[in-house]
Each structure stands twice: as structure tokens, then as C-alpha cells.
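S.K.: I would like to see how this sequence folds:
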Amino acid sequence: MSGMKTPILTALGLLAVSCSVPKTPVESAPVVPAGDVKITQFYADASRITAGERAMICYGVENAKSVKLQPDVEKLAPAFTRCFNVTPQRSTRYTLTAQGFADRSVTASFEIEVVGRAPASSPLPVIHKFEIKPKEPGEDKPPTLCYFVENADAVEITPNGMPMSGVLQGCFYVNPKVTTTYTLTAHGAAGRTVSKQLVVTAP
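M.R.: Predicted coordinates for the structure are as follows:
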């Protein structure tokens, strides 16, 4: 029996030694989060145009829950590929921001250079409406301003109303602390502008 113990003890000793030898760590590849938001394309078909001409902007995103363009000349939604037209009257830098699902965002931008002036025959912008929306009975909301403009490339409302935007019709809330005079300015071709003012009384 004593002769049989030696091989067994020897095997156990070799096993213990092999288990105690430290292993060389294996270098792992860097972990890249899956589903990161990406802007796959954002460009214009022309980097330089004459005032009054159109340029086509195209974009594409992946894994985005929302996209936003500055200046806000077009309301955008996530898409693999989409194009739309713009008619900037001055050199403009366009910035696209894509918001992902994990509080991540990415941006891309480029500039379209505008040279010369648009033809003088371009129509003057027209402000059809700039008014306070009447409240419904029992409604308890801040004042709502509504506007409607035609023949314009962009509109803005100051002070603290609405930054320069290509959206020519809409409504938005204001909440002035004191009685405030808001000014809507419509920007048209050839640098033409028209304005209209509206007084909003503080609650």
C-alpha cells in the first residue's frame, strides 16, 4: 500500500504547482458601447452660392432619438438619409446635432458662402398675423403669441421670443415679468425686412 501512495502524492504535488503558477493576463480590446449615436452624413451640394439661389442640404443619422438644425430653417427627424432646400441670404454656418438614447450627442457643421445680392424684383416679406391667441374660458396659461409670415426666408422675435428661424407660421408661450413690446422681423430676399410690434401686458 505504501508503494501506491507515492505516485498519487507526486501527481497531487504537480497539480498544486501548476495551479499556483501565475497566468499571463490576456490584453482585451477596448469596449465600444453598442448603439452609439452617429451622424453618417451632413453636407450641402454647394459650398458657395449667389444670393437668391438655393442649396440642397442632406443628412443621415443612426441610433438617434432626435435631430436639430441651427439655424432652425427646417424641422428635422431622425433619418438614414434625407435632403431639403435652403435659400440663405447671407453666409451661414449650419450645425446638426443628433441626440442619442444614452444622453450622448454628436454635432457636425459646415458653412455655405453667399455672394452678391438677390434680384431686386424679389417680393417683400408679408406679415399676415402677429397677435395674442385668445384664451379659452377657465384657461390658466401664459400668453401665447401666434404669427404667420410669407415671402420670407427667416423670422425672429425679440426680446427673448424666438431666435432666427425658417419656420414661417406658429405659436409659442411668453411669460414677461413686466409689460413688454415684442418685435417680429421677417427677413426676405435682397436683405429686405419688415417688422411688426405687439405689446404684452405682464400678468
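S.K.: when you work out contacts or count neighbours from here on, use the C-alpha atoms and nothing else.
M.R.: Fine.
S.K.: check contacts around the spatially most central residue of the chain.
M.R.: Centroid-nearest residue in the chain: Lys68, 1.8 Å away (criterion: Cα atoms, centre = their mean). Applying Cα atoms under 8 Å, 6 or more residues apart in numbering, one finds that Lys68 lies in contact with Lys75, Leu76, Ala77, Leu96, Thr97, Ala98.
S.K.: beta partners for it?
M.R.: Beta bridges link Lys68 to Thr97, judged by DSSP bridges.
S.K.: about what we covered before: export the contacts of Lys68 as a markdown table, with columns for distance to Gly35, neighbour count and pLDDT.
M.R.: Putting the contacts of Lys68 into a markdown table (distance: Cα to Cα, whole Å; neighbours: other Cα atoms under 10 Å; pLDDT from 0 to 100) gives the following:
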| residue | distance to Gly35 | neighbour count | pLDDT |
| --- | --- | --- | --- |
| Lys75 | 24 | 11 | 81 |
| Leu76 | 21 | 15 | 88 |
| Ala77 | 18 | 15 | 90 |
| Leu96 | 19 | 19 | 95 |
| Thr97 | 17 | 19 | 95 |
| Ala98 | 13 | 24 | 95 |
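S.K.: sorry, back to before: how close does the residue nearest to the centre of the chain get to Gly161?
M.R.: 19 Å (Cα to Cα, to the nearest Å).
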